[in-house]
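> mind folding the following:
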Amino acid sequence: MAKNPLMSTNPLIYSTPRFFILVLSIFFAVVSCAPGRTQKSAQPEQEGIIVGFSQIGAESAWRNCNTASVQNAALESGVQLIYLNAEQKKENQIKAIRSFIAYQVDVIAFVPIVSDGWDNVLQEAKGAGIPVLVTDRKIITSDESLYAGFIGTDSEQEGRNAALFLLRKFQHAPVVRIVELYGTEGSSVADGRARGFREVLQYHDKFSVVYSESGDFLRSKGYELMTDILSRIEGFEAIFSHNDGMTLGALEALKERGIRPGKDVVIVTIDAEQAAIDALKAGEVNCVIECNPKTGPDIMELALKLAAGESIPRLLHVKEEVFTEFDDLSAIAPREY
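You can find the predicted model right below:
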């Protein structure tokens, strides 16, 4: 039997026991398209607000940490959370948002897998009087009033930081050829990282991106891309990878070919998962740029304000760090992801 796209592999709903039963019954009613059975107003009053959270998937340790951060923050804030995993499919996210609207949650928060194509479903949320908070990845819309605000990473600055490290690392090199492992095409984080990276390097002629292709932020595709690159490109000095998952896959491919990552080729990666920090300490990665996944407390704080009818900032970026081979790496605390 085909899996219903609205159902996550392991759907988690945090609530009181009574609310848990209530949400499950209402959710399955939404899935079966039974009209008139999902009206929150017909149910007993519950304490606290209800937030519907649509995550794009569980493709990495970073993503799982991001999800856990939201779930834990909801528990600590007394917020009822309905969580749905879109399993890397935009159509699943749209269905999830519509199910949140049908249930009449107080606030919707979602991580858009790509930047565009959200106007119709967000217009439905606006028509239902439900504020929407965009997190982690930004969206492109013709009507800014369709969402209340954004909280997440500054992807362009992450790209700039990657380029700034290469400027320092290769200050005496005559030519630097760069391979770029691009994130999901059409996602704001991939586009922003690429844009910020080129913004810095455009004034330095010795740097050139000789290859750029999407690995979809997946470790398996990072391995496949690097295997293909090594069979077709004669030489390059650096790899700029848009996330640690693709980087770890690329490391495997490099080692299989007898190439020493971090020495024969300089590697810059983004996310700062524990595995990437370990690779940095081992000398197999040269620079790790943090993309902070622990946005849950901020999301809950903003959701509570929105539910109370308060305004929130349109744009909030989380604090992030840069770790390089030039630093005291013993001072890096365990990453927890």
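> quick one, phi psi at the residue most central in space within the chain?
Among the residues of the chain, the one closest to the centroid is Asp136, at 5.0 Å (C-alpha atoms, centre = their mean). The phi/psi pair for Asp136 (degrees, to the nearest 10) reads phi 70, psi -60.
> next, count neighbours for Phe326.
A total of 11 residues lie near Phe326 under the criterion other C-beta atoms under 10 Å. In this view, the C-beta of every residue, glycine as well, is placed from N, C-alpha and C.
> for it, which non-adjacent residue is spatially closest?
Of all residues beyond its chain neighbours, the one nearest Phe326 is Arg168 (7.7 Å), with distances taken as C-beta to C-beta, 6 or more residues apart in numbering.
> helix, strand, or coil at that neighbour?
Secondary structure, DSSP: H, G, I helix; E, B strand; the rest coil: Arg168 is helix.
> state the distance from it to Val200.
In this structure, Arg168 and Val200 are separated by 11 Å, where distance is defined by C-beta to C-beta, to the nearest Å.
> pick out whichever of these two has more residues nearby.
When Arg168 is set against Val200 and neighbours are counted by other C-beta under 10 Å, the residue ahead is Val200, at 17 against 10.
> quick one: which helix or strand includes the residue nearest to the more buried one when sequence neighbours are not counted?
The shortest distance from Val200 to any non-neighbouring residue, by C-beta to C-beta, 6+ apart, is to Ala163 (3.6 Å). Element membership of Ala163, judged by DSSP states H and E, is helix 155-169.
> these two touch, right, Gly152 and Val318?
Yes: counting by C-beta atoms under 8 Å, a contact exists between Gly152 and Val318, whose distance comes to 6.5 Å.
> what residues are bridge-paired with the residue nearest to Thr67 when sequence neighbours are not counted?
Sequence neighbours aside, Gln55 is the residue nearest to Thr67 in space, at 5.3 Å (criterion: C-beta to C-beta, 6+ apart). Each beta-bridge partner of Gln55 is listed here: Asn85, as defined by DSSP bridges.
> rewinding a little: so what sits against both of Gly152 and Val318?
Taking C-beta atoms under 8 Å, 6 or more residues apart in numbering as the contact rule, the neighbours common to Gly152 and Val318 are Thr295.
> ok, those two, which is more surrounded?
Neighbours per residue, other C-beta under 10 Å: of Gly152 and Val318, the larger number sits with Gly152, 24 against 17.
> and that one, how far from Asn292?
Here the distance between Gly152 and Asn292 works out to 9 Å (C-beta to C-beta).
> burial of Phe236, as a residue count?
Counted by other C-beta under 10 Å, the residues lying close to Phe236 total 18.
> which SSE is the closest residue to it other than its chain neighbours in?
Closest residue to Phe236 in three dimensions, ignoring its sequence neighbours and counting by C-beta to C-beta, 6+ apart: Arg177, at 4.2 Å. In this assignment (DSSP H and E), Arg177 forms part of strand 176-182.
> direction included, what does that strand pair up with?
For strand 176-182, the pairing partners within the sheet under DSSP bridges are strand 207-214 (parallel), strand 238-241 (parallel).
> show me what the mean pLDDT comes to for the longest helix along the chain.
Ranked by number of residues, the top helix in the chain under DSSP state H is helix 61-77. Per-residue pLDDT values across helix 61-77 average out to 97.
> and it, what does it pack onto?
For helix 61-77, the packing partners by 3 or more C-beta pairs under 8 Å, 6 or more residues apart in numbering; DSSP states H and E come out as strand 13-14, strand 50-55, strand 80-85, helix 244-256, helix 296-307.
> now do it: everything it contacts.
Surrounding helix 61-77, the residues in contact under the criterion C-beta under 8 Å, 6+ apart are 12, 14, 51, 53, 55-58, 79-81, 83, 85, 109, 111, 136, 243-245, 271, 273-275, 291, 293-297, 299-301, 304, 336-337.
> taking helix 244-256 as reference, get the angle to it.
Taking axes from the mean of the first three to the mean of the last three C-alpha atoms, to 10 degrees, one finds helix 61-77 and helix 244-256 inclined to each other by 150 degrees.
> can you count the residues close to Phe323?
The number of residues near Phe323, taken as other C-beta under 10 Å, comes to 20.
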